[in-house]
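Peer 1: turn this into a model:
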Amino acid sequence: MALADKANWLIESNLAGEITLSGLADRLGVSPHHLARSFVTSTGQPVMRHVWQRRLTLAAIALAQGKASILTVALDAGYGGPEAFARAFRAEFGITPSALRRSRRLNDLTLTQPLQMRPPMTAIFTAPTLTKL
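Peer 2: Predicted coordinates:
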C-alpha cells in the first residue's frame, strides 16, 4: 500500500480526533517532510488541506441534516468557536453555515469525498521471444 493510501486511511479513521502532520508521520514511521511531499505527489493536494476539506464536508452534511447546532458542528470539526468555523466554511463553500442550515441543500456545494485507495500496481510480463541475431 502506498504511503498516501496509508495516510488517507489514518485520516478517515480519525477525522473526529486531533490530526497533525507530525502525528500522521510518526504513526507511518516517516518524517513529516517525506509524508507531505509524498501526499502532494500522489493526490495533488497538501495533507492538512485534505483533512480540513474533509472535516468541512462532514460539517456541511451535519448542518444540512439539521442534527446539531452550529456551535456543536464547529467544535466537532475541530474549530475553537463558531466565528473561525464560519470564516473557514464560507471560504470553502461560498455560503455561511447558517445559510446552509436554512436551505438544507448540498447540491450547490463541492464536497470533498474520501480519497479512493489505488489498487497496487502489478507489472504484467510476457514471455520473451527468442530470435536469432
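
Peer 1: quick one, helices of this structure?
Peer 2: Counting by DSSP state H, the chain has helices at residues 3-13, 21-28, 32-43, 47-65, 70-76, 82-93, 97-103.

Peer 1: turn those helices into JSON lines, columns for distance to residue 114.
Peer 2: Where C-beta positions appear, they are placed from N, C-alpha and C, glycine not excepted. Putting the helices of the chain into JSON lines (distance: least, C-beta to C-beta, whole Å) gives the following:
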{"stretch": "helix 3-13", "distance to residue 114": "5"}
{"stretch": "helix 21-28", "distance to residue 114": "15"}
{"stretch": "helix 32-43", "distance to residue 114": "11"}
{"stretch": "helix 47-65", "distance to residue 114": "7"}
{"stretch": "helix 70-76", "distance to residue 114": "17"}
{"stretch": "helix 82-93", "distance to residue 114": "16"}
{"stretch": "helix 97-103", "distance to residue 114": "21"}
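
Peer 1: any idea which of these gets closest to residue 112?
Peer 2: helix 47-65 (3.8 Å; C-beta to C-beta).

Peer 1: report the inter-axis angle for the closest one versus helix 3-13.
Peer 2: Angle of helix 47-65 versus helix 3-13, following axes from the mean of the first three to the mean of the last three C-alpha atoms, to 10 degrees, is 30 degrees.

Peer 1: re earlier: same list (the helices of the chain) but as JSON lines, adding mean pLDDT, mean neighbour count and distance to residue 116.
Peer 2: Formatted as JSON lines, these follow (pLDDT from 0 to 100; neighbours: other C-beta atoms under 10 Å; distance: least, C-beta to C-beta, whole Å):
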{"stretch": "helix 3-13", "mean pLDDT": "93", "mean neighbour count": "18", "distance to residue 116": "9"}
{"stretch": "helix 21-28", "mean pLDDT": "96", "mean neighbour count": "16", "distance to residue 116": "19"}
{"stretch": "helix 32-43", "mean pLDDT": "94", "mean neighbour count": "16", "distance to residue 116": "10"}
{"stretch": "helix 47-65", "mean pLDDT": "95", "mean neighbour count": "19", "distance to residue 116": "13"}
{"stretch": "helix 70-76", "mean pLDDT": "93", "mean neighbour count": "17", "distance to residue 116": "25"}
{"stretch": "helix 82-93", "mean pLDDT": "95", "mean neighbour count": "16", "distance to residue 116": "21"}
{"stretch": "helix 97-103", "mean pLDDT": "93", "mean neighbour count": "16", "distance to residue 116": "26"}
